[in-house]
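K.L.:
from the sequence below, what's the structure:
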Amino acid sequence: MFTCQQQMDETYEKLSKNAISSKFIATNVLVYTSTMLFGSGPYVFNDLCLGEISYKCEEPKNLFFKGNNTCMPYTLTNETGTLTESPGHCEKYSYSRGKVFKSSAISRYQMICEDNYKIEVDLFVFLLGGFSAFFIISYFLDNYGRKPVTIASLIILILAQFSQIFIEVYPVFVLTRYIEGIITAGLCHSSFTACNEIVPSKFRNIGGVLVYGLFAVSVVLSACISWLTREWLTFVAIEIFTNTIPLLGMIFLASESPRWLYLKKKDKFYEFINNANTNMGKKERIMKSSTQMSNISKKTKRSNIVDIFRYSSTRYNTIILVIISISSNLLYYGILFGSSLFHANVHLYLIFLGSFEAPMCLVYLLLSTFLNRKNLHFMSFIIGGVSCILGSLLPKTGLWIFLVYFFAMFGKIASNFTQINTYLWGSELFPTSHRAIGVGIFMGVGRMSICILPGLRMLSAYHWPPLAAFLIGATALAVSFSHSVLQETKDMDLSETLEQCEAKHQLAKISDVQQDC
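P.N.:
Numbers count the residues shown, from 1 in each chain. This is a model prediction of the structure:
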């Protein structure tokens, strides 16, 4: 079985040698990752367009709020000139320029006072969309290709954002937010998968680093744009325009992943090879009858999530990676509990966060040239876990606060590394036929685990303040030792089918037994 895999690898390398040039790789990596450079708008929307704004009651005129931006209704009594508590309901609000926006989703859909729950609903629906993406988009990526799914995702995102300009009904707005959640997470997934398959094994880290790094840059750009415009609909309109740039690049410049074509659409793959050879002036062309190629394509079985659990290797890897992904996501989003530097200005906070994360991706790229996947996994989780625990135990007053920020930033670096490394490692452990589905399972479950963070925070408030961060850090330390139960994949060629993954897994087990003997 392993000999069959070697033959397939050699055949693919031989056929694609003249077609996949350095120019082809560079063009496609830049085009696919450009979806991240302009794709953070829906994410920062959660922080920017749902931020606090100033408001007061316009109708009825005698209804006031006691305090600043509170929802305690009081009626002005003319006889005494004092405020008395009133059960009255404000029918119309007026808004003034606040810390973030003059007009935002809050003012448009009245997300204040008794309707304040709408903000939490919006955030939950968006996260639910991100969770769904790793199952919905993954299926389409593995069965219909990386390029068409990415193009369709960008078109749907633009349409969803465009509709938000005119929609005034809250339930429909929430539906567009669910679609945005699906598409934004799906774009990250598709660009990461495509880059991993196009880039040679020795340079595979570059694709992962570009996806995360450009997303961090995108957060900075979005925060700067919103700071300058301070109008929600203007911000959305600019996001629509910027999303057309990667869409045009995907249509006119990007190519389908050759590995996916070789496995799923051999007629298209040979057409791709022939076109490349013709452009290079090659006299010898690979000739295959269209009838034979169409028969090969018809035999290709559709990929689904059930296939992952039919083989012991992918089933085993999935379970371990789910545990790793849960801990990685909790560490990534929980490391800054109560340690944000710029809570007073959300723009500065996002700019600082993005400016900090982007260079850290380059640090990961440097470290990955010396360390393999296992060593980076162990080091990142140990540093992140220790930083999270120490940062939670230190007092938050006086000069201690600087040490808390130090551990928070150090832990943030480690949590970035765990995210990139887990994504890369997982994509290398699953075959091309089920790569998007396999990665989607553990990343989706890991993303959904974020929902327990508010519960952990409430538990800390009622029992012991450092409890949430302490539990997250302790979990990271325990998960750090899981590196020993997964195969090392750095600089190794990707598997194409589930059978090849199973063969590699069995050979690794035999090798381990022989070493023990």
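K.L.:
surely residue 177 meets residue 125?
P.N.:
Yes - between residue 177 and residue 125 there is a contact at 5.4 Å, judged by Cβ atoms under 8 Å. Placement of C-beta: from N, CA and C, glycine included.
K.L.:
the more surrounded of the two?
P.N.:
For the pair residue 177 and residue 125, the greater number of neighbours falls to residue 177 (23 against 19), based on other Cβ atoms under 10 Å.
K.L.:
now do the contacts for the more buried one.
P.N.:
42, 122, 125-126, 129 (Cβ atoms under 8 Å, 6 or more residues apart in numbering).
K.L.:
let's see which of these end up in strands.
P.N.:
With strands taken from DSSP state E, there is no overlap with those.
K.L.:
make JSON lines from the residues you listed and add distance to residue 141 to it.
P.N.:
Conversion of the contacts of residue 177 to JSON lines gives the following (distance: Cβ to Cβ, whole Å):
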{"residue": "42", "distance to residue 141": "20"}
{"residue": "122", "distance to residue 141": "27"}
{"residue": "125", "distance to residue 141": "23"}
{"residue": "126", "distance to residue 141": "21"}
{"residue": "129", "distance to residue 141": "17"}
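K.L.:
residues contacting the residue lying closest to residue 239 once chain neighbours are set aside?
P.N.:
If the residues on either side of it in the chain are set aside, residue 239 comes closest to residue 41, at 3.8 Å by Cβ to Cβ, 6 or more residues apart in numbering. Contacts here follow Cβ under 8 Å, 6+ apart; on that basis residue 41 touches 161, 222, 235-236, 239, 242-243.
K.L.:
most neighbours of all these, which one?
P.N.:
residue 222 (28 neighbours).
K.L.:
how near is that residue to residue 257?
P.N.:
28 Å (Cβ to Cβ, to the nearest Å).
K.L.:
can I take it that residue 247 is in a helix?
P.N.:
Yes - using DSSP: H, G, I helix; E, B strand; the rest coil, the assignment for residue 247 is a helix.
K.L.:
and the pLDDT for the closest residue to it other than its chain neighbours?
P.N.:
Of all residues not flanking residue 247 in the chain, residue 154 sits nearest, at 4.3 Å (Cβ to Cβ, 6+ apart). As summarised for this prediction, residue 154 has a pLDDT of 93.
K.L.:
same thing with residue 374?
P.N.:
In this model, residue 374 carries a pLDDT of 91.
K.L.:
likewise the one 4 residues further on?
P.N.:
What the model reports as pLDDT for residue 378 is 93.
K.L.:
also the one 5 residues further on?
P.N.:
According to the prediction, residue 383 has pLDDT 91.
K.L.:
please apply the same query to residue 137.
P.N.:
91.
K.L.:
distance check, it against residue 207.
P.N.:
18 Å.
K.L.:
what is the helix or strand hosting the residue nearest to residue 247 packed up against?
P.N.:
In this assignment (DSSP states H and E), residue 154 forms part of helix 146-164. Helices and strands touching helix 146-164, as assessed by 3 or more Cβ pairs under 8 Å, 6 or more residues apart in numbering; DSSP states H and E, comprise helix 22-37, helix 41-48, helix 117-144, helix 170-198, helix 232-252.
K.L.:
kindly reformat these as CSV containing distance to residue 483.
P.N.:
Listed next are these as CSV, based on distance: least, Cβ to Cβ, whole Å:
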stretch, distance to residue 483
helix 22-37, 27
helix 41-48, 30
helix 117-144, 23
helix 170-198, 20
helix 232-252, 35
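K.L.:
of all the ones you listed, which one is nearest residue 361?
P.N.:
Residue 361 sits nearest to helix 22-37 of all those, at 11.3 Å, using Cβ to Cβ.
K.L.:
residues in contact with the closest one?
P.N.:
With Cβ under 8 Å, 6+ apart as the test, helix 22-37 has contacts from 146, 150, 154, 187-188, 190-191, 194-195, 198-200, 206-207, 210-212, 214-215, 217-218, 221, 245-246, 249-250, 253-255.
K.L.:
in the helix holding residue 154, what counts as buried?
P.N.:
Neighbour counts using 16 or more other Cβ atoms under 10 Å place 146-147, 149-155, 157-158, 160-162, 164 of helix 146-164 among the buried residues.
K.L.:
who touches that helix?
P.N.:
Taking Cβ under 8 Å, 6+ apart as the rule, helix 146-164 contacts 32, 35, 39, 41-42, 137, 140-141, 172-173, 176, 179-180, 183-184, 186-187, 190-191, 193-194, 197, 236, 239-240, 243-244, 246-247, 250-251, 254-257, 260.
K.L.:
do that again at 7 Å, thanks
P.N.:
For helix 146-164, contacts defined as Cβ atoms under 7 Å, 6 or more residues apart in numbering pick out 35, 137, 140-141, 173, 176, 179-180, 183, 186-187, 190-191, 193-194, 236, 239-240, 243-244, 246-247, 250-251, 254-257, 260.
K.L.:
taking helix 170-198 as reference, get the angle to it.
P.N.:
160 degrees (axes from the mean of the first three to the mean of the last three Cα atoms, to 10 degrees).
K.L.:
could you give the separation of helix 146-164 from the chain centroid?
P.N.:
How far helix 146-164 lies from its chain's middle: 16 Å, per Cα atoms, centre = their mean, to the nearest Å.
K.L.:
same question, stretch 403-415
P.N.:
21 Å.
K.L.:
can I get it as PDB, trimmed to CA atoms?
P.N.:
Provided in PDB are the C-alpha atoms of stretch 403-415 (Å, rounded to 0.1, in the frame of the first residue of the first chain):
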ATOM      1  CA  LEU A 403       4.200  42.300  35.100                       C
ATOM      2  CA  VAL A 404       0.700  41.100  34.500                       C
ATOM      3  CA  TYR A 405       0.800  42.800  31.000                       C
ATOM      4  CA  PHE A 406       4.200  41.200  30.400                       C
ATOM      5  CA  PHE A 407       2.900  37.700  31.000                       C
ATOM      6  CA  ALA A 408      -0.300  38.500  29.000                       C
ATOM      7  CA  MET A 409       1.700  39.500  26.000                       C
ATOM      8  CA  PHE A 410       4.100  36.600  26.400                       C
ATOM      9  CA  GLY A 411       1.200  34.200  26.600                       C
ATOM     10  CA  LYS A 412      -0.400  35.900  23.600                       C
ATOM     11  CA  ILE A 413       2.700  35.100  21.600                       C
ATOM     12  CA  ALA A 414       2.600  31.400  22.600                       C
ATOM     13  CA  SER A 415      -1.200  31.200  21.900                       C
END
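K.L.:
in it, what's buried?
P.N.:
Using 16+ other Cβ under 10 Å as the test for burial, stretch 403-415 gives 404, 407-415.
K.L.:
which of these fall in helices?
P.N.:
Secondary structure from DSSP state H places 404, 407-415 of the buried residues of stretch 403-415 in helices.
K.L.:
among the helices and strands of this structure, which has the poorest mean pLDDT?
P.N.:
Ranked by mean pLDDT, DSSP states H and E, the weakest helix or strand in the chain is helix 290-299, scoring a mean of 40.
K.L.:
quick revisit: where is pLDDT lowest across the contacts of residue 177?
P.N.:
Least confident entry in the contacts of residue 177, by pLDDT: residue 42, with 74.
K.L.:
who's in contact with it?
P.N.:
By Cβ under 7 Å, 6+ apart, the residues touching residue 42 are 180, 184.
K.L.:
you'd agree residue 440 is up against residue 135?
P.N.:
Yes - shown here, residue 440 and residue 135 form a contact pair, counting by Cβ atoms under 7 Å, at 5.8 Å.
K.L.:
comparing those two, which residue is more hemmed in?
P.N.:
Between residue 440 and residue 135, residue 440 has the larger neighbour count (other Cβ under 10 Å), namely 28 against 15.
K.L.:
for the more buried one, helix, strand, or coil?
P.N.:
Per three-state DSSP, the secondary structure class of residue 440 is helix.
K.L.:
quick one: contacts for the residue nearest to it when sequence neighbours are not counted?
P.N.:
Distances taken as Cβ to Cβ, 6+ apart place residue 138 nearest to residue 440, at 3.2 Å, with adjacent residues excluded. By Cβ under 7 Å, 6+ apart, the contact set of residue 138 is 189, 436-437, 440.
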